[in-house]
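Colleague: Following is a predicted model, sequence given first.
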Amino acid sequence: MTRVTLLLLSSVVAVCAQTDYDLLLKGGHVIDGKNKISALRDLAISGGKIAAVAPNIAASRALKVVDVSGLYVTPGLIDIHVHVYAGTGERGSYAGDNSVYPDGFTLRSGVTTVADAGSSGWRNFEDFEDRVIDRSRTRVLEFLNIVGSGMRGGKYEQNLTDMEVKPTADMALKHKGLIIGIKSAHFGGPEWAPYERSVEVGKAASIPVMVDFGSATRAGRTLYKLLNEVFRPGDIYTHMYSGHRGEQDDSGGPSKALIEGRKRGVFFDVGHGGGSFTWRVAVPLMKAGFVPDSISTDLHVGSMNAGMKDMLNVMDKFLAMEMSLDEVVLRSTWHPAKQIQREELGNFSHGATADVAVLRLEKGNFGFVDMYGARLNGAQKLLCELTLRDGKVVYDLNGITRESWDKLPPGYTSQNDPRWDGSSRGQRAPRR
């Protein structure tokens, strides 16, 4: 056999060995709110994008096949209220010690994208970008604080002179797509300037505004005016179940401010945190039909080990309040993706970014705690089995993507394949 013939045969074998997909998740229950899918489907990925969602995709078409029978397959979860500007060493600051590094809290909970809620402002955003955004496997986006110095505590957050429209808008436009909104939080004065200036920046950069309404009641500011006069359609009110700022009427149902705000197109976000979610507000509002547009954690050092814990625990609370799993997933994927104008995320449309969470729904007796330590019992709890970011495995709880050690060759070494595995030391997904 000639050398030319051998080369030709080798080429034929290589072509025959090529597959359509890098990774195939088989046999799971796919939930995709955008495309109204809630059914047993296979999910195929190629080049970091969704390639196919269909019944019974042939295993032979994929380089790697993972059996996810009995599990739920959802778009990667999107948490639009976190604090992750860690590493500066500043005490008592969300641009410092009050924040957490994202990767230790996100991927193991099925979260692939977070939006930091105002920890940095225009003065320190690029430091945050260098310290955290560019070094994380989690996709980290930012609601830029209207305060130039960011969320560094009272003397900074009450400083109206550091709430400047032009430099904030310039920074938002410079990092369009990475800065996905403007945040105002914790303001205690009677002025409306923080919110009005935030909206000015939002208009200039064509991005939404998220507001933590601070000490609104004590300052004489009304929630009705914020939601129905200052806000635009598409702006976001967070901490909706806190009960601190006039969210309920005298009967315990949603106040006129909330009802009229929703009619105008204002979005309502959970933002659980360490002090912004109580059963005595959430349960009656949910029973009245006032459900969240987005489910989020308000992750930080004060919430991570308290009633909030993580994204799945917050989602569990809505299951315990009798929201369906499909609706809980919708409000943790596609809805927040739309709110932050990143519609390539949060869905399984063909060509969408292949961020995926594979979840187990456990049945049993569970308890869920609010910010005051009050418990609500539930019968369902979500557990993350597998997380993919840009089509690659970044978390695998029980090794379902791996072969049993005794079926591997003697002296086996690394089983990682960069075409579907992103868990190796030194690998990092693209920041956006």
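Modeller: It's in. Numbers count the residues shown, from 1 in each chain.

Colleague: All the helices of this protein, in order from the start?
Modeller: For the chain, helices defined by DSSP state H occupy the ranges 3-17, 125-131, 154-157, 165-174, 193-205, 216-219, 223-225, 256-264, 279-287, 311-320, 325-330, 334-339.

Colleague: Pull out the buried residues from the second one.
Modeller: Residues of helix 125-131 classed as buried under the neighbour-count rule (16 or more other CB atoms under 10 Å) are 125, 128-129, 131. The C-beta positions use only the backbone N, C-alpha and C, and glycine is treated the same way.

Colleague: again, but for the fourth one
Modeller: In terms of neighbour count (16+ other CB under 10 Å), helix 165-174 has its buried residues at 165, 168-169, 171-172.

Colleague: how much does it deviate in direction from helix 193-205?
Modeller: Put simply, helix 165-174 runs at 40 degrees to helix 193-205, going by axes from the mean of the first three to the mean of the last three CA atoms, to 10 degrees.

Colleague: average pLDDT across helix 165-174?
Modeller: Computed over helix 165-174, the mean pLDDT rounds to 98.

Colleague: hang on, the earlier thing: let me know the closest of the buried residues of helix 125-131 to Ser93.
Modeller: Proximity to Ser93 was ranked across the buried residues of helix 125-131 by CB to CB; first place goes to Phe128, at 12.0 Å.

Colleague: The closest one contacts Trp122, correct?
Modeller: No. Counting by CB atoms under 8 Å, Phe128 stays clear of Trp122, with 11.0 Å between them.

Colleague: hmm, back to that, which stretch in the helices of the chain is the model least sure about?
Modeller: helix 3-17 (a mean of 42).

Colleague: so Asp32 sits right up against Tyr72, yeah?
Modeller: No. Look at Asp32 against Tyr72 with CB under 8 Å: they stay out of range, at 11.0 Å.

Colleague: Residues contacting stretch 168-178, please?
Modeller: 121-122, 125, 129, 133, 141-142, 144, 146, 148, 179, 182, 197, 200-201, 204-205, 207, 342, 431-432 (CB atoms under 8 Å, 6 or more residues apart in numbering).

Colleague: on that earlier part again, so which of the helices of the chain comes closest to Ser423?
Modeller: helix 311-320 (19.8 Å).

Colleague: Provide a list of residue ranges in the protein with pLDDT below threshold.
Modeller: The chain contains residues with pLDDT under 70 at 1-17, 425-432.

Colleague: Kindly recompute the last result at 80.
Modeller: 1-17, 215-219, 424-432 (pLDDT under 80).

Colleague: Looking at Asp32 and Tyr72, which is more packed in?
Modeller: Asp32 (26 against 21; other CB atoms under 10 Å).

Colleague: who's in contact with the closest residue to that one other than its chain neighbours?
Modeller: Spatial nearest neighbour of Asp32, chain neighbours left out: Phe348 (4.3 Å); criterion: CB to CB, 6 or more residues apart in numbering. Going by CB under 8 Å, 6+ apart, Phe348 touches 30, 32, 34-35, 37, 43, 50, 53, 75.

Colleague: do you know how far Glu164 is from Phe125?
Modeller: From Glu164 over to Phe125 the distance is 14 Å, taken as CB to CB, to the nearest Å.
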